[in-house]
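[1] Quick one: sequence and predicted model below, then my questions.
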Amino acid sequence: MASIRTIIWHLTNANGQRWGPIPSPGGRLEEPYRTSLIRYVTEIRRFGFARLTVSFAPQQTNNPLLPMYEPSKFRENWRFIETVRALVKRYGPRDTRIDLLNEGAPTRRRANGRRVPRQTANYLRTLYRLYVGRFGNRDVSISAISWDMTNRVRNLVRILDSTRDADASVVRRAHRLRHGTCLLRITGHRHGPQYERLAAAVGVGETLYDKSRDREDDQKLHAELDAPDR
């Protein structure tokens, strides 16, 4: 196997949650989880995997996909991504990718009354802009599940399009537009034709967005998120 993908479920307090999530209070990765992650990604590198993708899956009030999400948890989620990313980059294989929100591309179709597309869109827009502003766009992704995938990818493209800047330029299907940064690749192994039809349906194959955004707003947001907890 050339690539491996790992999902990290997390929430502020994981007491009593024996099915797998770990605590992320204040965005910290505490022991023994920090050491376990280091050992895990070190072994992935040692066994010769070419690529590791780490997918973040916040739970309960940390989860922007759910109505119970608390916006005050955004800061914790962002800090947790920064913390885990630093360890993965230091100890993992050379090619490491970050999935900002596991199966996070939103749909407007309701499922058991739990979908909150506007909330999810705002979360992804802000998180993506922060990530690219700090780390660039070469290792970042947002995953989607196959159910209602065409609409999910369309929505995701719109979300990323909305991180626009007056000075940013983008080449998209031979048109000049203004957008934030993303390299969107739609690929498939077992179902190649299906993914080709999907790419045609949403109007993208490989779409390169050349990023920038209001620098003063980004610097202010970074400063607020980096400030010590009161």
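    Here it is on my side, so go on.
[2] Could you pull out the helices in this structure for me?
    Residue ranges of the helices in the chain, as given by DSSP state H, are 33-46, 74-91, 117-135, 149-161, 192-202, 215-226.
[3] what's the least confident stretch among the ones you listed?
    Here the lowest mean pLDDT among those goes to helix 192-202, at a mean of 48.
[4] hang on, the earlier thing: CSV for the helices of the chain, including distance to F56 and mean neighbour count?
    For the C-beta atoms, the positions are set from N, CA and C on the backbone; glycine is no exception. Putting the helices of the chain into CSV (distance: least, Cβ to Cβ, whole Å; neighbours: other Cβ atoms under 10 Å) gives the following:
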stretch, distance to F56, mean neighbour count
helix 33-46, 13, 15
helix 74-91, 6, 19
helix 117-135, 9, 19
helix 149-161, 16, 20
helix 192-202, 24, 14
helix 215-226, 16, 12
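[5] Of all the ones you listed, which one is nearest R18?
    When those are compared by Cβ to Cβ, helix 33-46 sits nearest R18, at 14.4 Å.
[6] Pull the closest one out as CSV, backbone CA atoms only.
    This file holds the C-alpha atoms of helix 33-46, laid out as CSV (Å, rounded to 0.1, in the frame of the first residue of the first chain):
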residue,chain,number,x,y,z
TYR,A,33,-2.4,10.4,23.1
ARG,A,34,0.5,12.6,22.0
THR,A,35,3.0,9.8,22.4
SER,A,36,0.7,7.3,20.8
LEU,A,37,0.3,9.5,17.7
ILE,A,38,4.1,10.0,17.4
ARG,A,39,4.7,6.3,17.6
TYR,A,40,1.9,5.6,15.1
VAL,A,41,3.1,8.0,12.4
THR,A,42,6.7,7.0,13.0
GLU,A,43,5.8,3.4,12.2
ILE,A,44,3.9,4.5,9.1
ARG,A,45,7.1,6.1,7.9
ARG,A,46,9.3,3.2,8.9
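[7] about what we covered before: of all the helices of the chain, which lies closest to L101?
    helix 117-135 (6.3 Å).
[8] Could I get the helices of the chain in CSV, plus columns for distance to Q60?
    Converted to CSV, those look like this (distance: least, Cβ to Cβ, whole Å):
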stretch, distance to Q60
helix 33-46, 18
helix 74-91, 12
helix 117-135, 14
helix 149-161, 22
helix 192-202, 31
helix 215-226, 21
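[9] Pull the number of nearby residues for the nearest residue to P25 once chain neighbours are set aside.
    Counting by Cβ to Cβ, 6 or more residues apart in numbering, P25 lies nearest to T12, which is 5.4 Å off, once chain neighbours are set aside. For T12, the tally of surrounding residues (other Cβ atoms under 10 Å) stands at 19.
[10] tell me the contacts of T12?
    Applying Cβ atoms under 8 Å, 6 or more residues apart in numbering to T12 gives the contacts P23, S24, P25, T61, N62, K73, E76.
[11] So for it, what's the pLDDT?
    Note for T12: predicted pLDDT of 96.
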